[in-house]
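Peer 1: my questions concern the predicted model and sequence given below.
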Amino acid sequence: MAVNANPTVRRRRLGAELRQLRLARGMTSSQVAKHLLISQPKVSHLENGRRAISPRDVRDLCDLYRVTDQRVIDSLMEMARESNQQGWWVACGKVPYAVYIGLETAASSVRSYEPLVIPGLLQTPAYAAAVIEETIPLATEEQIAVRLEVRLRRQSRVHHPARPFRLWVVLDESALRRVVGSPETMREQLEYLYRLGEQPHITVQVLPHHAGAHPGISGQFSILDFPDAATGTVYLERFTSDLYLEKRSDVRHYSAMFDDLQAQALNPEHTRCFIIRAAQELRSCRPPYRCPCP
């Protein structure tokens, strides 16, 4: 799917344009909300692309911001119409993290720290199914099937030949030691992770337990960067609701955290040795890979 067809990208771009118009008018989001008789959070959600915006909303905002150039108004209203189109994930059914999928689909790179599990973009089908089944209480078979379908389809983004995608993952050692599904499932996952780590656009590093306390102790986070945005988005996954941070100060803070984690983690070569040795512990025979370390 082309980048421009992504409704999340359209909403983000439209929101950024409307934010600039508001700032040029010298108005706060609270003042806008008061004039239009809507809530201040709605204004914020429209500007950060987390909520669909109608052409009527765009027209009202342009009137408030005294935009007189009809070409600008028409362009913004067209973006509003396109932003309400559905992404591929909508056809899969109810997806709880649809906003993130839209951002991930549009991102040029993702930096991620994972303390407990292998990231979804790097999971085998068997491992992904086990994670979904074992971590979502009361999930129905249909819900599990939808999540698995979406997770596996997301992985095409990593291997898209026409759109380079940079993925850098720091994994806590616990993610490799925790046996998910079965020893066989976990071994296959580790060997698959080993192979992925050899690809030039994917970097995997392991943060061993002996590293001690580190900035990632507080939990998982991902930093998404976009080719058409001055700053990225920090994604914090939570069980019932997710957080998206877009302030420059927040992105800088988490970027510094990731840099610290990356510096403390094993380098990619030693990480591959660590991964294959962990896989070897799950079976009695020798692994099919030669460890490059002495």
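Peer 2: Yep, that arrived.

Peer 1: all helices for the chain, in order.
Peer 2: 7-25, 29-36, 40-47, 55-64, 70-83, 98-106, 125-135, 141-154, 173-177, 183-196, 248-264, 268-280 (DSSP state H).

Peer 1: most tightly packed of those helices?
Peer 2: Mean neighbour count, computed with mean count of other C-beta atoms under 10 Å, is highest for helix 98-106 among those, reaching a mean of 21. Where you see a C-beta, it was placed from the backbone N, CA and C, and this is true even at glycine.

Peer 1: contacting residues for the most centrally placed residue in the chain?
Peer 2: Centroid check for the chain by C-alpha atoms, centre = their mean gives E104 as the closest residue, at 4.6 Å. Neighbour list for E104: 110, 154, 157, 224 [criterion: C-beta atoms under 8 Å, 6 or more residues apart in numbering].

Peer 1: between the helices of the chain, which one is closest to E114.
Peer 2: helix 173-177 (5.6 Å; C-beta to C-beta).

Peer 1: on that earlier part again, right, and the helices of the chain - which one's nearest P208?
Peer 2: Of these, nearest to P208 by C-beta to C-beta is helix 173-177, at 5.0 Å.

Peer 1: counting contacts, what elements does that closest one pack onto?
Peer 2: When contacts are defined as 3 or more C-beta pairs under 8 Å, 6 or more residues apart in numbering; DSSP states H and E, helix 173-177 sits against strand 202-207, helix 268-280.

Peer 1: hmm, who's touching that helix?
Peer 2: 114-118, 190, 206-209, 274-275, 278.

Peer 1: shaky segments in the stretch 51-200 of the chain?
Peer 2: By pLDDT under 70, the weakly predicted segments of the stretch 51-200 of the chain are 84-95, 161-164.

Peer 1: mind running it again at 90?
Peer 2: Within the stretch 51-200 of the chain, the segments meeting pLDDT under 90 span 51-58, 68, 71-108, 133-165, 197-200.

Peer 1: my read: Q189 touches T124, true?
Peer 2: Yes - with contact defined as C-beta atoms under 8 Å, Q189 reaches T124; the gap is 5.0 Å.

Peer 1: re the thing from before, got TSV for the helices of the chain, with distance to R166 too?
Peer 2: Below are the helices of the chain laid out as TSV (distance: least, C-beta to C-beta, whole Å):
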stretch	distance to R166
helix 7-25	18
helix 29-36	33
helix 40-47	27
helix 55-64	33
helix 70-83	26
helix 98-106	12
helix 125-135	22
helix 141-154	16
helix 173-177	20
helix 183-196	13
helix 248-264	13
helix 268-280	14
